[in-house]
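In: show me the folded form of this:
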Amino acid sequence: MSEEVGVMDSSIVKLYAPYKNILEKDMNRVLAISDVELVKDKPESPLTNFLGDLLLTEGAKVGQNQSTKLTPVVSFFNYGGIRSSLPKGEITVGNIFELMPFENEMVFLELKAEQIEEFLHYIAEHGGGSVGGIQMVINDEKATNVLVGGEKLAMNKTYWLVTNDYVAAGGDGLEMFQNSVQYINSGVKIRDAIISFLEDKNKKNEHITTKLDGRIRNE
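Out: Reported below is the predicted structural model:
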């Protein structure tokens, strides 16, 4: 290595060091306290339920800031995009980056009832997943006894779903999402929405608690 390259490398390190320290400090920042370890599993689990409910809550907040003033009634996290568990005790910014390392953004899809039904059959075929606003029974890899927002699926209605831009574009085999009635990208990163939700909990001195509630059951 030449002396000139060595000097250049040293300069880069000096320039980067303060930012590295800031980043590391933020990664260790505690966002919230969880009373339980959150691990993903199917057909439902504490982590998948927690993320589904979180996305529905944050989606409603963000949706009300859109010009359409929409409120999603269904949420979906793709199972493969959930890359780690969340610990019992302190949850840090670093934990959320490990959980959700992608730069995916929150999007809203207006879907016909038939598309919701197709989507839920997809969930059933894959043995469950991370959803909010849904109750269903998996029977022979099909979604049965479906409730959306506590009501039976109405075939003459459309429903707003909140998810990420990756699956909204048909990723992970969700081709039915490509034919949505409307598509709105909020510009809000999913990871930032998770962090915002946890910070809000912490401000209210509320711990993270979640449990199985039978939203997805095998028959």
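In: average model confidence for stretch 59-67?
Out: Across stretch 59-67, the average pLDDT comes to 91.
In: pull the residues that contact that stretch.
Out: 69-72, 75, 106, 108, 160, 162, 184, 186, 188, 193 (C-beta atoms under 8 Å, 6 or more residues apart in numbering). Every C-beta, even on glycine, is put in place using the N, C-alpha and C of the backbone.
In: which one of the residues you listed has the most neighbours?
Out: Highest neighbour count within the contacts of stretch 59-67, by other C-beta atoms under 10 Å: Val162, with 31 neighbours.
In: check which helix or strand it maps to.
Out: Following DSSP states H and E, the helix or strand that holds Val162 is strand 158-164.
In: now the element after that strand, going C-ward?
Out: Following strand 158-164 in sequence, per DSSP H and E, is helix 165-168.
In: which neighbours does whatever helix or strand comes next after that following helix have in its sheet, and in what orientation?
Out: Next along the chain after helix 165-168, taking DSSP H and E as the criterion, comes strand 182-189. Here strand 182-189 has these sheet partners by DSSP bridges: strand 105-112 (antiparallel).
In: quick one: mean pLDDT over the strand it pairs with.
Out: 97.
In: what's the end-to-end length of stretch 28-37?
Out: 18 Å (C-alpha to C-alpha, to the nearest Å).
In: let me see the mean pLDDT of that stretch.
Out: Rounded mean pLDDT across stretch 28-37 is 96.
In: now stretch 200-219
Out: 94.
In: export that stretch to CSV, keeping only CA atoms.
Out: The C-alpha trace of stretch 200-219 is given here as CSV (Å, rounded to 0.1, in the frame of the first residue of the first chain):
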residue,chain,number,x,y,z
ASP,A,200,-44.9,6.0,22.2
LYS,A,201,-45.3,3.0,24.5
ASN,A,202,-42.3,4.1,26.5
LYS,A,203,-43.5,7.6,26.9
LYS,A,204,-46.7,6.2,28.4
ASN,A,205,-44.7,3.9,30.6
GLU,A,206,-46.4,1.0,29.0
HIS,A,207,-44.6,-2.3,28.7
ILE,A,208,-44.9,-4.5,25.6
THR,A,209,-47.2,-7.4,26.3
THR,A,210,-48.7,-9.7,23.7
LYS,A,211,-50.3,-13.2,23.6
LEU,A,212,-51.9,-15.7,21.3
ASP,A,213,-55.5,-14.8,20.6
GLY,A,214,-56.6,-17.4,18.1
ARG,A,215,-56.6,-15.0,15.1
ILE,A,216,-55.3,-17.9,13.0
ARG,A,217,-56.2,-21.4,14.0
ASN,A,218,-55.7,-24.8,12.4
GLU,A,219,-58.7,-27.1,12.1
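In: which positions in it come out as buried?
Out: Lys201, Asn202, Ile208, Thr210, Arg215, Ile216, Arg217 (16 or more other C-beta atoms under 10 Å).
In: which stretch of helix or strand covers the residue nearest to Glu98 when sequence neighbours are not counted?
Out: Using C-beta to C-beta, 6 or more residues apart in numbering and skipping residues adjacent in sequence, the residue nearest Glu98 is Ser84, 4.5 Å away. According to DSSP H and E, Ser84 maps onto no helix or strand at all.
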